[in-house]
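Undergrad: Got a predicted structure here, sequence first:
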Amino acid sequence: IVPTYNEAANIEKFLTQVRTDAPDTDILVVDDNSPDQTAKIAESTATKLGSIKVLNRTSQRGYAAASRDAMLKAIESRYEVIATMDADFSHDPKVLTKLISLVDSETALVIGSRYVPGGGVTNWSLFRRVLSKWGNLYTAFCLRLKIKDCTSGFRAYSAASLKNIDLANLTADGYAFLSEMAFVISRKKLGSIVESPIVYVDRAFGESKMNTRIMRESMVLVTRWGFALRTGSGRKYLPR
């Protein structure tokens, strides 16, 4: 699953690289009504490469909604493993098959982790590194997650675990969806969560989708879930 918004500069090269590095995978591009024609370029590339579908959404509803819609479609299509990654080459397509291979009957989620030995980030300022590391520590503490990278979007899920999550009624709109998914899998004991090292490379083309609103949403939701988890107050806010 590849959620996209304004990735015209990257999408053709990205899809070509994924087809080269992970030839046995089927790809679903979920475009959030990009004005830069990302979906059209993806459709043209799909015609040339094969085994690529494009879900062109008619309104911009955000990362979480795009991911949920795509996951539901993948479950309907009876895939056993469902992976997600970005189209801007921040996530190395060469690593995709390894993440997929680590999903088994006991493992619900494999996270491509920047913060385990062997992982890392490149081309980030010190401020962004500190903010990301602190955000992940805070999320893991609040949600009682024994993982170091709660917010990595490069990951692979077992379809069996996703079938036990009420995807349509999750809370997050933005990238907090990633933490929410890990939280639900852990809380419902759907299987183990494994981290495998990746090196995250900041995008060379296009603009980052991260903004203050998305960061604020993550902080508010994680704090609310953590408070409900510890006190029992406001348990109606806990994702199911």
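TA: In hand now; what should we look at? Numbers count the residues shown, from 1 in each chain.
Undergrad: what's near enough to touch Val201?
TA: Counting by CB atoms under 8 Å, 6 or more residues apart in numbering, Val201 touches 89-90, 92, 121-123. Just so you know, the C-beta spots here come from the backbone N, C-alpha and C atoms, and that holds for glycine as well.
Undergrad: any chance you could map the strands in this structure?
TA: Secondary structure of the chain (DSSP state E): strands located at 2-4, 27-31, 52-56, 81-84, 107-113, 120-122, 155-158, 192-197, 199-201.
Undergrad: Would you agree Gly174 is in contact with Arg213?
TA: Yes - checked against CB atoms under 8 Å, the pair Gly174 and Arg213 is within contact range at 7.4 Å.
Undergrad: picking that back up, now the contacts of Val201: which count as buried?
TA: Buried subset of the contacts of Val201 (neighbour count, 16 or more other CB atoms under 10 Å): 89-90, 92, 121.
Undergrad: so which of the contacts of Val201 comes closest to Ala42?
TA: Of all these, Phe89 has the smallest distance to Ala42: 15.2 Å, by CB to CB.
Undergrad: Would you reformat the buried ones among the contacts of Val201 as CSV and include distance to Lys13 and pLDDT?
TA: Shown next, in CSV, are these (distance: CB to CB, whole Å; pLDDT from 0 to 100):
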residue, distance to Lys13, pLDDT
Phe89, 8, 94
Ser90, 13, 95
Asp92, 13, 96
Val121, 21, 96
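Undergrad: Go through those and say which is closest to Arg114.
TA: Minimum separation from Arg114 among those (CB to CB) is found for Val121, which lies at 5.4 Å.
Undergrad: Find the nearest non-adjacent residue to the closest one, please.
TA: In space, and not counting its chain neighbours, Val121 is closest to Tyr200: 4.5 Å by CB to CB, 6 or more residues apart in numbering.
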